[in-house]
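>>> Output the structure for:
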Amino acid sequence: MTIKKRKKSSRQRGSKTHGWGAMKKHRGAGHRGGRGNAGSGKRGDAKKPSLWKNKRYQGKFGFKKKNVKVEVKAINVSYFDDKLDNLLNKKVIKDNKGVYEVDLQKLGYNKLLSSGNVRQKYKITARFASKKAIEKVKSAGGEVVLPEFKQEKKPVEKK
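Reported below is the predicted structural model:
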């Protein structure tokens, strides 16, 4: 003969605690004092002093992202010969005794590429430059200045 078993919830009707012992034990996270930083409110004296010490006790902070790559914004060498008069009027390029001084950062670029010809003498300051671009500027009597940026020292691993 088969017996039809009732569901647990209906069997525990009338038992007040439904098998959880004391009434207060089965109310979410109440028995363990809450979740996260709960208990730091009006009567949460246990956690309050430790929260007063650290003004910022939530969120991510204190570490730098790894492998952040620099976004390359490139410009060709021929651009300066084509737009020389316009750039001189805007005072983006300085004329220093026949040598035109260009700072690519002021123009919003960080890399110098070699497409086109160079007919004037330029002193170009850029973060990056291709080898051909440096050669073309030098062959016209100018120079390319590449300032060295500080790199973070990596810790030496001990074996």
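>>> Now for the closest residue to Ser139 other than its chain neighbours, how many residues are close by?
Closest residue to Ser139 apart from its sequence neighbours, by CB to CB, 6 or more residues apart in numbering: Val118 at 7.4 Å. C-beta: built from backbone N, CA, C; applies to glycine. For Val118, the neighbour count with other CB atoms under 10 Å is 21.
>>> Leu87 too?
17.
>>> before we move on, what about the one 4 residues further on?
The criterion is other CB under 10 Å. On that basis, Lys91 has 8 neighbouring residues.
>>> ok, Trp20 to Val102 distance?
For Trp20, the distance to Val102 (CB to CB, to the nearest Å) stands at 76 Å.
>>> Which one of those two is surrounded by more residues?
Neighbours per residue, other CB under 10 Å: of Trp20 and Val102, the larger number sits with Val102, 24 against 14.
>>> From Leu87, how far out is that one?
Val102 is 8 Å from Leu87, by CB to CB.
>>> any shared contact partners between these two?
Jointly contacting Val102 and Leu87 under the rule CB atoms under 8 Å, 6 or more residues apart in numbering are Phe80, Ile93.
>>> confidence score at the residue nearest to the spatial centre of the chain?
The residue lying closest to the centre of the chain (CA atoms, centre = their mean) is Lys65, at 6.0 Å. We note a pLDDT of 78 for Lys65 in this prediction.
>>> That one: what's it in contact with?
Contacts of Lys65 (CB under 8 Å, 6+ apart): none.
>>> do the one 5 residues further on as well
Contact partners of Val70, counting by CB under 8 Å, 6+ apart, are Asn110, Arg127.
>>> Check for me that it belongs to a strand.
No. Using DSSP: H, G, I helix; E, B strand; the rest coil, the assignment for Val70 is coil, not a strand.
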